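J.: Return atomic coordinates for the entry below.
(one chain, ligands or ions: 3)
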Amino acid sequence: MSKVVVMDHPLIQHKIGIIRREETGSKDFRTLVSEIAMLMCYEATRDLKLTDVEINTPICKTTVKELKGKKLAVVPILRAGLGMVDGMLNMIPAAKVGHIGLYRDPETLEPVEYYCKLPADCANREVFVVDPMLATGGSSVAAIQMLKDKGVKNIRLMCIIAAPEGVKKMQEAHPDVDIYIGALDDHLNEHGYIVPGLGDAGDRIFGTK
Ligand SMILES: O=P(O)(O)OC[C@H]1O[C@H](OP(=O)(O)OP(=O)(O)O)[C@H](O)[C@@H]1O
Ligand SMILES: O=c1cc[nH]c(=O)[nH]1
Ligand SMILES: [Mg+2]
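T.: Ligands and ions are numbered 1, 2, ... in the order given. From the prediction side, this is the model:
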């Protein structure tokens, strides 16, 4: 069974409190989503492996730590996941970025695929899938299946707000994928929106409503 980490860092909690407010406009919303992604990235990369390397400082030889093992990739689920990319890259600038385009059909709530472009060596990378919202879980489950179909083996999912329904669906479909969440909310409403949530993340980031 996958690990579910709900991040209790005060800065993350404070910023989530602001993006939930209906009066927060697109400019602030975008900035905060990026900052939350950066803080979540810091926490979600805590267990990356290090190796010792010898270097010369201006004074002497010494041994320092360097990230070891697989290279990283960030894969946002379009559109809303785009809002988290800059924050992730601030922390891990050498990561490559892939894009998966999915939207949720408003009637069936099923994910509809419209785009997929991944780094050529994605299968050899440790991939962070990012999307601010994990609601029914349909979009994340489908995106991660697309990555697995291309041979990706090491995947983590990062969402700012999740519903218990989405976490359950993810754990059933992808028990090997750890899930990092900023806040675990109460439930989904009859339209599949997270309660209390923050509304439609994509519309709020891009000002489309
Ligand atoms: O867990 P689910 O029930 O699949 O819902 C979550 C998905 O819904 C939202 O995207 P949306 O379909 O609104 O697309 P957008 O990002 O283009 O607005 C959100 O960003 C997730 O991708
Ligand atoms: O609450 C929700 C559910 C799905 N997608 C969103 O953007 N918000
Ligand atoms: Mg949307």
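J.: May I have the beta-bridge partners of the spatially most central residue of the chain?
T.: Ranked by distance to the mean C-alpha position of the chain (Cα atoms, centre = their mean), the top residue is V130 at 2.3 Å. Applying DSSP bridges to V130 yields these beta-bridge partners: P76, M158.
J.: Local confidence estimate at it?
T.: For V130, the model assigns a pLDDT of 98.
J.: mind listing what T24 touches?
T.: T24 makes contact with I18, L32, R204 under the criterion Cβ atoms under 8 Å, 6 or more residues apart in numbering. For every residue, glycine as well, the C-beta is placed using N, CA and C.
J.: Quick check: buried residues in the helix or strand hosting the first one?
T.: Assessed by DSSP states H and E, I18 sits inside helix 10-20. The neighbour-count check on helix 10-20 (16 or more other Cβ atoms under 10 Å) flags I12, K15, I16, I18, I19 as buried.
J.: Also stretch 103-117?
T.: So, applying 16+ other Cβ under 10 Å, buried residues of stretch 103-117: R104, P111, C116.
J.: re the thing from before, next, the angle from the helix or strand just after the helix holding I18 to helix 10-20.
T.: Under the assignment DSSP H and E, the closest C-terminal helix or strand after helix 10-20 is helix 26-44. Angular relation of helix 26-44 and helix 10-20 on a 0 to 180 degree scale: 150 degrees, by axes from the mean of the first three to the mean of the last three Cα atoms, to 10 degrees.
J.: Any stretches of this structure with poor pLDDT?
T.: In the predicted model, the chain carries no residue with pLDDT under 70.
J.: quick one: contacts for the closest residue to ligand 3 within it?
T.: Per Cβ to the ion, G202 is where the chain lies closest to ligand 3, at 3.2 Å. When contacts are counted by Cβ under 8 Å, 6+ apart, G202 touches R79, A80, T208.
J.: ok, so of these, who is nearest ligand 2?
T.: Taking Cβ to the nearest ligand atom as the measure, A80 is the one of the contacts of G202 closest to ligand 2, at 5.9 Å.
J.: So which elements touch the host helix or strand of L102?
T.: L102 is located in strand 99-104, with elements delineated by DSSP H and E. Counting contacts by 3 or more Cβ pairs under 8 Å, 6 or more residues apart in numbering; DSSP states H and E, strand 99-104 packs against strand 72-78, strand 111-117, helix 138-149.
J.: anything in that strand near ligand 3?
T.: No: Strand 99-104 lies apart from ligand 3 when judged by Cβ under 5 Å from the ion; the minimum separation is 7.0 Å.
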